[in-house]
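A.B. asks: What follows is a predicted protein model with its sequence.
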Amino acid sequence: KNYKKSLLMLGPPAETSHHNTNMAPTPFRHLIHKICHSIWIYRKILSKALLLILACSVVKQMEMAINTTTAFDAANGAHDANAYLPATDLKTDWVEQLRNDTIFPEGLAIEREPEYYWQAASQWFTPRQVLPSTIQNKELAGIFHYLRNGKILKASSATGGTQRKLLLDLEGGQKVIFKPERSQHYGGVGLDQHHGEIASFHISRLLDMRRAPITVGRRINIANELLPVATPELRDTFTTYKNKTENCFYATCELCKSLEPTCPNADGTVEGVMILMLPKQFRKGSDLILTRLSSPFKLSLYKGKTKRSEAMESKDYCDAQVKTEIPIEPRLLDIVETSIFDFLIQNLDRHTYEFIDQEENGAVMLMDQGKTFGLQSADIDDLEILDPLVKCCILRKKKYEHLQWLSNMEMSFSDAVLRLTSVDVATPPKTGTMKKGNHTTVLREGDLMALDRRMNIILNALETCIDEHSHEEVLVDSPL
């Protein structure tokens, strides 16, 4: 804008400047006048060129800053929580990698004995993770293979709890929990759903919450694989149901006798979920050595609806009570993340939170997702499950960034879940089962659609927190 003004201030060219007694005709003034005159004539072209030079300079500085940060992280052992994410923007490829980690390529035979894979799973486990950020040597695929096909050496009733489940010993010395399929459902919570456990495991991987036990669907032939290795106590619960179906069993649990027994399908198999038990050093027999504390956000059911306690209704409940009783790092941040996971799968059964306290920073484990994705859950979004997030308005910054990253994938969150679960043999209760090609999906169509709806609710809740507070107050830069 000042080019023209500059010309006027400089006056006429040197050879004619004698008309102005205040301006001596000098070669320097003549040169400056010509330069400014040229700038004025070509001002539009020069402006664009200067802007382009400036933009290139900024981009170069940004590249240098990113490279410097990357080098610093590499030199100082940056935390690997985001190592699960792809180095490039190929987000669909990342989902494919998660899926490929669980299967062997077609035509490639498994080469190692089961002991190798059970040992790998044992070495992965720490008080803050069940799975590592990256999988080497197809180890997860080997674990999936032997959970689904490994020889059962012993079968007994798993002790404790209200739900029917078996404790199986597999070849190679690994113990697993087997929860058989159930089709009954009651009051929006109901009995354990084996397909819910499977879908929840894969959702935990997508959320980069690697704290759920490895879970795989399996069909077991009762007469050939189960009955011959059943303990006397389990064998005593076998019966012929309604005088026509043989090889049905009740097992032993609080509600087992009051429910219909588990019976084989027409092909003699029973479908269920295999849940890998955690390493021996973290167990006492079949039970985990966990610290189990009552959740400060525990919900109760009243006439089929969720109900908060009177104290939880207070807007200041988290600041006034929860934060004074529970350390923010890592415990409360873990509880908030768990609420996001539980809201997606509509888990109302998280009355306690459990962590391995052999280390101070043991993570809240994602145990027992059986009461999820029931027959009535697809149309229900129990917002109270999100209370830890909504009332405390805190979240790890890296988890917030990961949720934003997931929401910007080319494929929807539900399509990513569908892709990961397509490796499994399990199916939901027969009502509403959806097929993709020749494969019956683990989740019904309504459940998949609900995942996208709930993800939007979570993101909106986070933005509301940020609007009411600030990025700095809501998003915690936690090393854990």
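C.D. replies: It's in.
A.B. asks: Regarding residue 478, which helix or strand does it belong to?
C.D. replies: Using DSSP states H and E, residue 478 maps to neither a helix nor a strand.
A.B. asks: now do residue 239
C.D. replies: Residue 239 belongs to strand 238-241, assigned by DSSP H and E.
A.B. asks: packing partners for that strand?
C.D. replies: Here strand 238-241 touches strand 245-249, going by 3 or more C-beta pairs under 8 Å, 6 or more residues apart in numbering; DSSP states H and E. Placement of C-beta: from N, CA and C, glycine included.
A.B. asks: What residues sit buried inside the strand it packs on?
C.D. replies: 247, 248, 249 (16 or more other C-beta atoms under 10 Å).
A.B. asks: Quick check: the gap between the residue nearest to the first one when sequence neighbours are not counted and residue 117.
C.D. replies: I take that to be residue 247. Computed as C-beta to C-beta, 6 or more residues apart in numbering, the closest residue to residue 247 that is not its neighbour in sequence is residue 222, at 4.6 Å. Going from residue 222 to residue 117 by C-beta to C-beta, to the nearest Å gives 26 Å.
A.B. asks: So between those two, which is more surrounded?
C.D. replies: residue 117 (26 against 23; other C-beta atoms under 10 Å).
A.B. asks: re earlier: contact partners for the residue nearest to residue 247?
C.D. replies: Contact analysis of residue 222 by C-beta atoms under 8 Å, 6 or more residues apart in numbering lists 247, 249, 264, 268, 269, 270.
A.B. asks: switch to 7 Å and redo it
C.D. replies: 247, 264, 268, 270 (C-beta atoms under 7 Å, 6 or more residues apart in numbering).
A.B. asks: Measure how buried the second one is and give me the count.
C.D. replies: A total of 20 residues lie near residue 264 under the criterion other C-beta under 10 Å.
A.B. asks: what's the pLDDT at the residue nearest to it when sequence neighbours are not counted?
C.D. replies: Spatially, and ignoring its direct neighbours in sequence, residue 264 is nearest to residue 222 (4.8 Å; C-beta to C-beta, 6+ apart). Model confidence at residue 222, expressed as pLDDT, equals 95.
A.B. asks: Where does residue 342 fall, secondary structure wise?
C.D. replies: Residue 342 belongs to helix 333-345, assigned by DSSP H and E.
A.B. asks: Could you tell me the average pLDDT over that helix, please?
C.D. replies: The model assigns helix 333-345 a mean pLDDT of 96.
A.B. asks: Flag the shaky bits of the stretch 301-450 of the chain, pLDDT-wise.
C.D. replies: 301-307, 357-360, 375-376, 428-440 (pLDDT under 70).
A.B. asks: 50 instead, please
C.D. replies: 431-439 (pLDDT under 50).
A.B. asks: mind listing the strands for the stretch 301-450 of the chain?
C.D. replies: 305-307, 352-355, 395-396, 435-436, 439-440 (DSSP state E, counting those that start in this stretch).
A.B. asks: just to revisit the earlier point, pLDDT and distance to residue 405 for the buried residues of strand 245-249 - can I get that in TSV?
C.D. replies: Conversion of those to TSV gives the following (pLDDT from 0 to 100; distance: C-beta to C-beta, whole Å):
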residue	pLDDT	distance to residue 405
247	91	48
248	92	47
249	92	46
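A.B. asks: Now distance to residue 347 too, for those, in CSV please.
C.D. replies: Formatted as CSV, those follow (distance: C-beta to C-beta, whole Å):
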residue, distance to residue 347
247, 32
248, 29
249, 27
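A.B. asks: Give me the distance between the residue nearest to residue 264 and residue 270.
C.D. replies: Applying C-beta to C-beta to residue 222 and residue 270 gives a distance of 6 Å.
A.B. asks: One more: residue 114?
C.D. replies: 22 Å.
A.B. asks: Could you count how many residues lie near residue 103?
C.D. replies: 15.
A.B. asks: Could I get the contacting residues of it?
C.D. replies: Taking C-beta under 7 Å, 6+ apart, we find residue 103 in contact with 141, 423.
A.B. asks: For it, grab phi and psi.
C.D. replies: phi -140, psi 160 (degrees, to the nearest 10).
A.B. asks: Which pLDDT does the model give it?
C.D. replies: Residue 103 is given a pLDDT of 91.
A.B. asks: ok, residue 478 touching residue 331?
C.D. replies: No: here residue 478 does not reach residue 331: they are 11.2 Å apart, not a contact under C-beta atoms under 7 Å.
A.B. asks: residue ranges with poor pLDDT in the stretch 101-250 of the chain?
C.D. replies: 184-189.
A.B. asks: just the strands in it please.
C.D. replies: Under DSSP E, counting those that start in this stretch, the stretch 101-250 of the chain gives strands at 152-157, 166-170, 174-180, 215-221, 238-241, 245-249.
A.B. asks: I'd like those laid out as a markdown table, including distance to residue 297.
C.D. replies: Output for the strands of the stretch 101-250 of the chain, formatted as a markdown table (distance: least, C-beta to C-beta, whole Å):
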| stretch | distance to residue 297 |
| --- | --- |
| strand 152-157 | 33 |
| strand 166-170 | 31 |
| strand 174-180 | 26 |
| strand 215-221 | 25 |
| strand 238-241 | 41 |
| strand 245-249 | 37 |
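A.B. asks: and residue 361, which of those is closest to it?
C.D. replies: Evaluated over these, closeness to residue 361 peaks at strand 215-221, with 24.7 Å, by C-beta to C-beta.
A.B. asks: Sort out which residues of the closest one are buried, please.
C.D. replies: For strand 215-221, using 16+ other C-beta under 10 Å, the buried residues are 215, 216, 217, 218, 219, 220.
A.B. asks: same question, stretch 458-466
C.D. replies: 458, 461, 462, 465, 466.
A.B. asks: can you list the residues that contact that stretch?
C.D. replies: 340, 343, 386, 389, 390, 393, 395, 400, 403, 407, 474.
A.B. asks: Stretch 473-480 too?
C.D. replies: So stretch 473-480 is in contact with 79, 128, 329-330, 333, 361, 393-397, 400, 465-466, going by C-beta under 7 Å, 6+ apart.
A.B. asks: And it, end to end?
C.D. replies: Distance between the two ends of stretch 473-480: 18 Å, counting by C-alpha to C-alpha, to the nearest Å.
A.B. asks: so how far is it off the chain centroid?
C.D. replies: 18 Å (C-alpha atoms, centre = their mean, to the nearest Å).
A.B. asks: Since that was my last question, I'll sign off now.
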